[in-house]
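Chemist: Need coordinates for the below:
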Amino acid sequence: MATLTPECEDVYADVRSDASETDWAWLKYEDNNTIGVGGSGTGGAAALAQNFSDDECGFGYIRVITGDAESKRAKFVFVAWTGDNA
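Modeler: Modelled structure (predicted):
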């Protein structure tokens, strides 16, 4: 079972925070037993997808704002990525 670096919890909390502009996080394997932060930022799914590569596995977490003019809600999407050559 892989372990998460302490920074993983911080970036996860940042994506979940309504006070933060950060809307995605990319967590990837640093070695066979450790998952670390590969990146985070704004730009949604398109920005997250720029981190995907054919030779690695990782996990994405995205905040999406949905609703109408009177009711906005945050929803969260978890992405499991496995490149074709991983």
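
Chemist: Give me the spatial nearest neighbour of Trp24, chain neighbours excluded.
Modeler: Computed as CB to CB, 6 or more residues apart in numbering, the closest residue to Trp24 that is not its neighbour in sequence is Leu48, at 4.2 Å. Where you see a C-beta, it was placed from the backbone N, CA and C, and this is true even at glycine.

Chemist: which SS state does that neighbour fall under?
Modeler: Following DSSP: H, G, I helix; E, B strand; the rest coil, Leu48 is assigned to helix.

Chemist: how close does it sit to Ile35?
Modeler: Separation of Leu48 from Ile35 (CB to CB, to the nearest Å): 16 Å.

Chemist: If you count surrounding residues, which of those two has more?
Modeler: In this view Leu48 and Ile35 are compared by other CB atoms under 10 Å, and Leu48 has more residues nearby, 23 against 18.

Chemist: Test my guess that the residue nearest to Trp24 contacts Lys28.
Modeler: No - applying CB atoms under 8 Å as the test, Leu48 and Lys28 come out as separate, 11.7 Å apart.

Chemist: Quick check: buried residues in stretch 73-86?
Modeler: Under the neighbour-count criterion of 16 or more other CB atoms under 10 Å, stretch 73-86 has Trp81 buried.

Chemist: gap between it and the chain center?
Modeler: 7 Å (CA atoms, centre = their mean, to the nearest Å).

Chemist: So which residues make contact with that stretch?
Modeler: The contact list for stretch 73-86 (CB atoms under 8 Å, 6 or more residues apart in numbering) reads 15-16, 18, 45, 48, 52-67.

Chemist: For the helix or strand where Lys28 lies, give the mean pLDDT please.
Modeler: Using DSSP states H and E, Lys28 maps to strand 24-31. Regarding strand 24-31, the rounded mean pLDDT is 96.
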